[in-house]
Structures are given as C-alpha cells and as structure tokens.
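*Asks:* okay, here's the prediction I keep looking at, along with the sequence it came from:
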Amino acid sequence: MAEPSAAREELFGKIRSALGGRPPRGSEPEVTDDLLRRVSAENPSAVADRFAAEATAAGAAISRCDRADLATVLADLLRQVPARSLSVGELGAFDAPVRDAMERAGCQAVDWRAHADLEGHFAADCGLGLADAAIAESGTLALHSGTDQGRGLFLVPPAHLALVPESRVQADLVDYLKEDPRTASRVLVTGPSKTADIEGVLITGVHGPERLLILLIAGA
Amino acid sequence: MSAPGEPRHLLDPELPYAMGPRIEAGIADQQRQRFVHGTTRRKDRVRRETVAEAFGDRHQELRKLAGQVRHRTLDQLDQHLERYIAAAEARGIQVHYARDAAAARDIGLRIAKDEGIQRCVKTKSMVTEEIRILEALEAVGIDTVETDLGEFILQLDGDAPSHIVTPMIHKDRTAVGRAFARELGVEYSEDPQVLTSIARRHLRDKYRQADLGISGANFLVAETGEMVLCTNEGNGDFVVNAPRVHIAFVGIEKVLRDQRDLGLMLKLLARTSTGQPLTVYTTFVGGPRQPEDPDGPEQVHLILLDNGRSEILAEETRELLRCIRCGACLNACPVFRKVGGGHAYGAVYSGPIGAAITPLFRGIANYPDLPKASSLCGACHEACPVDIDIPVQLVRLREAAVRSGVGSRVSRMVYRLWARALGNRRTYGLMSWMQRLVMRSLGRRGTRGQRWLRRGLGGWTKVRDFRAPAARSFRDQWRRREEAGGNG
C-alpha cells in the first residue's frame, strides 16, 4: 500500500535534514515497570478492592457479587437504573445468567447490530457489556470494541452497565499495556462522561453516558 | 491565515501582532480577571496535589524521564515515524503527508469531495485550529459542527478559545445562555446542567447525520500503529466511530516509540492537566471496521502535518516538540493569568508554550512581543511533565529577534550605547553619575520633570518603577570609608 510518494519523500527529507545525521546524545532512557508501577499485582483480592475504590472515586457506581448470584444482583440493578431496553454485547459464559436477569427485570434487548453505524443504540436506556479488562490503578474499564460489543454500547445510551469478572482486573496501566489486542478500536473508560467547560462546574453526561454502573463479579 | 475577504479570526490577527491593546483590555476586564485567576490557580494547585499524591518522591524522576523519552524519540523521529506509518498502514489506516496548513486542507477537502461528504462533526484539536479546517469545509458547503462543549459554544457565539485545554475560561454562563437562546431558539437558561442538556440533544442529532468525523490525536504509537485520543466528554468517541469516514490531523511530533512510553505519558498527562488519573475516554483508533465488526468507519485517514515542525526539530529548539499539550504551563504562568488568558497571545497556541512556538511557526517579526511576555520565573518549566525549559527557549528567541533587527530602533540604539559605556571605567562612572542625577532630580513625584519623563519615555516607564538612587555611588562610599580607615 505504501508507495513512496513525493510528499512523503519531502517530509522525510526535511526531518533528516533537521536531524543532521547526528546520533542522539546521552544514554538510552530506561522506562521500567518499577518506576511507573503504582499498584502491585501480587494480591488479586487487594487488586479487586483497589479497582472498586478507584472506580468509585472516578464517579462510577460499583456493585459486587459472587458468580452464583449474578442473575439476582443484576436483575436488581437493572430495575434500579431503570432499564427497559438494553443494548447487549456478547457475553460469553455470562450469557445465560444475564438473559435470566433481563427476563426477571422485564428488559428487552434492542437489535443494534441491524444498523451499520451507531443508530441502533439510540433506542436503548442502557448499554450492557462485558469488560475485556479493567485497571485497578485508575478504576478503568478496557473495552475492545471489535465484534463483541461494537463501538456504541458504552457510549450512546444514557447509562452504561459493565460486567467485570474479578479475574480480568489488572493491577496497573503498565500491565494492561503489555499486549496489543489488535482490534480496530478500543477504549479505556474511567467514570461517566464529564465536562467543566461552563464556569468550571462539573457536569456528567455530556455526550457519553451520564451514569456508569459496574458489577464486579467474584469467582469469575 | 485568512483568505482575502474572510473575516479576521481572533486567533489570526493582523500581523505583526502587538499584544498591548489586548493585554490592557484583559487587565481591565474584571470578570475575565476573576475567572482566569480562579480557574488557573485552582488547576495549578490540583496538579501539584495530584502528582504529589500519585507519585510522591518519584515525580521529578518521572517527569525528567518523560522529557528524555520524548527527546530521544524526536532525535530519531525519521525512524519512529517510518515504523509508525508501516504499522498504521498494516491496520488499514490511510496515511497522507501535508507540508503545511494549505496542503492539509487540500488533502482533507479532496477526501471529502471524493467521498461525497455533506455533513461533518469535529472534535477539539489544536492542529485543526492551526490549519483552519473548519472554515475550509464550510466554504465548500459542508456543514461542520464543533462537538466539544466549550468549542461548540464558542462556535455558536463567533468567539475563540482562550486556553488550550479548557477553551471557555473567559466566558460565563449568562453569555452561554444568551448564545443558545439566540442561535438555537431555546428558552433562556443559565443553569450549566440545563445548558449542557440542550447541547447534548442538539449534538446527538448531528452525530447521527454526519458522514465525516474530524479529530486530532494525542499520540501515535509506532509499535502498534494506533492513534490515541484522550478526551472527557465522549464527543471524541462519537466523532471517530459514528460517521462513515474519519480523518485525523496530527503533527509529526506526536509519535511515541511503544506502549511502554505510552504508559508513561498517559500516567502523567491527565494528572498534570486536570488532576484525573486518566481522561474519561482514552480511545485507541486502530483502523477502519473489519469484515467481522458490526460498526465503525469504513475509512480512517491520517494526515501527518509538518507546517514548520521539521524546522523546530533543529537541535536548539527540538525540546519544544516534546509538548503533549497538557496546559500545565498556562495554568502556572502569572503572565497568562494577568493578561486574562489566551486571546492576548493572538495565536492558536497561547501561554508559555505558545509564546515559544508561535514565533517559530509564524516568524519572530510577526510576533515580536510574545517572547518578551515573560518574567522568566520558570513556573512553566517546573510544571511541564516533559521538562521543557521554556525560559531558555524564550531567551533564545529574544536573542534571535535582536539579531534579525526586530524591535524598536530606539531601544536597540540605547542598548548599544549602554554596552559601550559599560566597557570602560570612566564612561561607566560618568554614565552612572548622569543616571543618578536624572533619576533624583527629574524623578521626584509631581515635578514637571516627571511629567516630561512620562511623556517621552512613557512606553517604558508606564510599567516600571524605581526607587530614587542614593546620593553617592557605592564605589564612592567605599572609597570614602577606606580613606577614613573604616572598611576593615
């Protein structure tokens, strides 16, 4: 795909000219985990607790449950939102309990995949998806918006409900950034949508969701 | 630059640009003073508290490392940019090269034309301001909306941003209410929550109708080929995901080597900028939708912009390209605060970083005041997460300005005479005697002499004050004491 174009050659010519063929000065700076890491990965239970605390500080509403209670707790949450219509992502092993919870709470799923763009999500009260990973250091969700949940589920509906299995919670940003999942799009979400543009007054729910709910699932 | 016939933009004034009038207006505007002081001081305090709490003793080490990493990457920019382009193209991102603002606009317009674009949504990006893409799109009939709440309001009100991160620090809620009532036909309200809801509803319709999304990017990661955008409102994610075509305009200096460097930058950026551990949305654009994806843009274009950056890449000024646009230097700067924010700088990039790069981008003869709009206190350097020595760069610019003959002939002549007088003991003595005489006699308050001084040297004396000097010079006093045997 990349044929050398005149514009490209011109740009690189100018860059090389400015650099003058001189080698960089000083020694190679070393970016080590030790220096960057703020949260240790040693104790998974402490990591899960830290995630809950940081996500709360970022403005998310955290609930916790055991794998076995998932359907019950989720049904409760859905009633509280209140969510009538949901944009639901691929849930893998959690598909059955989630469908169960949706039935108990009287929720319908919107067919967002019928649209090639984000249009389908505008009819939903709430987006419900499975987080691909989470980062305890900042209370962040990692959503790999490829096949599983598309790009609109966490963004368009006024509420976003994320299921986070404790096993997927990583301690620190440096841990998450070790891999490249090779998706066409991914996003790290830390709290609900915010601005303070008007006189520095903090407002949530500007374009993205006003409410972020997280269900942290132990034993999963 | 405006084309002939286009209205002048606040951040693209007549050149050469003299700061004086806008500084005076900014100082006189009590409300602007209150807002800008309040906001910048609070954000500066939040920055210091946040980095202390997050990093403790390690903070200095981290920011110096971040500076070295950015600098090292720039030292080898050709290699890392090449790696980035290869990785990005492998993911389906179409890469274009723009030597300047005009070329960038042309490429953007060509893509829009080829794709039959009719409506565009745009997210906040300094580079898109730099190249004035919004006006170019509107000129060819493509309806374009700024979606960042602050920028949306400014666009509605025909105003310009006054800060690179929080663009509306000079505007209050009543102004926003009036603008909405006037332009959107809604009932007047000054409640920020209500105003935000109005904007949210209005802009959601725009996202659904748009076929082109325009953004910038905070970083380009060579290891993976992704572009990274750091935003808070969610508009960035609508802009890069909803429309059929996405175009990102990004300066060549934004390249990072790998995800490890990205981690370092991300850990510092939001904490330094707004006191958050990360911005609400850190979005990685990794290409157009794949066959198995349910949604996403069909095309993702990256327009790499030079527009003077390859010149700034020269060794003496290279550190300025480390900038990650966090805005910390603006919040730390007493001058920025005093002049009432970014409008006084008359350029897209304001504050300390703007004062350093604008004369390099646009010519020192066009912006002669900017490098002088600083007391060289160093607050900006201290605040900078990538350790840019902005004061050194401003002094360098002042030197360059003098050498190239910029500045008043009178002041150059005065300095030349002064330098000569200082070179010789006798002329030094004569000069300081004359100086004492003038300042003691003519400088006394209320005298005709002072009024004369003010009239003649008003431009210089208006903002300076000196105590009246002592009757005898130090050397004279010392000599007398020596003779009296008193100096020990």
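*Replies:* Received the coordinates, thanks. For clarity, every value in this text was computed on a predicted model and none was experimentally measured.
*Asks:* how is B:L304 assigned, secondary-structure-wise?
*Replies:* strand (DSSP: H, G, I helix; E, B strand; the rest coil).
*Asks:* A:R104 - how many residues pack around it?
*Replies:* Neighbours of A:R104 under the rule other Cβ atoms under 10 Å in any protein chain shown: 15. Quick note: C-beta positions are derived from backbone N, CA and C, even for glycine.
*Asks:* so how far is the helix or strand harbouring it from its chain's centroid?
*Replies:* Per DSSP states H and E, A:R104 falls inside helix A:95-105. Here helix A:95-105 is found 22 Å from its chain centre; the criterion is Cα atoms, centre = their mean, to the nearest Å.
*Asks:* likewise stretch A:123-143?
*Replies:* Counting by Cα atoms, centre = their mean, stretch A:123-143 comes out at 4 Å from the chain centroid.
*Asks:* which parts of it are buried?
*Replies:* Within stretch A:123-143, the residues scored as buried using 16 or more other Cβ atoms under 10 Å in any protein chain shown are A:124-143.
*Asks:* what about chain B: which of those touch it?
*Replies:* With Cβ under 8 Å from any Cβ of the partner chain as the criterion, the buried residues of stretch A:123-143 include A:E137, A:S138, A:G139, A:T140 near chain B.
*Asks:* does the first one count as helix, strand or coil?
*Replies:* For A:E137, the secondary structure call by three-state DSSP comes out as coil.
*Asks:* please identify the helix or strand for A:G146.
*Replies:* Taking DSSP H and E as the definition, A:G146 sits outside all helices and strands.
*Asks:* next one: B:E187
*Replies:* Per DSSP H and E: nothing holds B:E187, as it lies in no helix or strand.
*Asks:* which element is encountered next along the chain beyond the helix or strand bottoming out on mean pLDDT in chain B?
*Replies:* When the helices and strands of chain B are scored by mean pLDDT, DSSP states H and E, helix B:448-461 comes last with a mean of 66. Counting by DSSP H and E, the next helix or strand C-terminal to helix B:448-461 is helix B:474-483.
*Asks:* export that next one to CSV, keeping only CA atoms.
*Replies:* In CSV, the C-alpha atoms belonging to helix B:474-483 read as follows (Å, rounded to 0.1, in the frame of the first residue of the first chain):
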residue,chain,number,x,y,z
PHE,B,474,28.7,52.6,46.1
ARG,B,475,32.3,52.9,44.8
ASP,B,476,32.3,56.5,46.1
GLN,B,477,31.1,55.5,49.5
TRP,B,478,33.5,52.6,49.7
ARG,B,479,36.4,54.9,48.8
ARG,B,480,35.5,57.4,51.5
ARG,B,481,35.3,54.7,54.1
GLU,B,482,38.7,53.3,53.0
GLU,B,483,40.2,56.7,53.4
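*Asks:* name the residues of that helix that are buried.
*Replies:* Buried residues in helix B:474-483 (16+ other Cβ under 10 Å): none.
*Asks:* from the contact counts, what lies against it?
*Replies:* For helix B:474-483, not one helix or strand is in contact under the criterion 3 or more Cβ pairs under 8 Å, 6 or more residues apart in numbering or on different chains; DSSP states H and E.
*Asks:* now do it: distance to the chain's middle.
*Replies:* Taking mean C-alpha positions (Cα atoms, centre = their mean), helix B:474-483 and its chain are 52 Å apart.
*Asks:* so what's the residue count around the one residue in chain B that gets nearest to chain A?
*Replies:* Nearest residue of chain B to chain A (Cβ to the nearest Cβ) works out as B:G234 at 2.5 Å. Neighbour count for B:G234, taken as other Cβ under 10 Å: 27.
*Asks:* contacts only, for B:S189.
*Replies:* With contact set as Cβ atoms under 8 Å, 6 or more residues apart in numbering or on different chains, B:S189 has these partners: B:G177, B:F180, B:L195, B:I198.
*Asks:* now the phi/psi pair for it, please.
*Replies:* Main-chain torsions, B:S189, degrees, to the nearest 10: phi -150, psi 150.
*Asks:* in chain A, which spans are helices?
*Replies:* Secondary structure of chain A by DSSP state H: the helices cover A:6-19, A:33-36, A:44-57, A:70-80, A:95-105, A:173-176.
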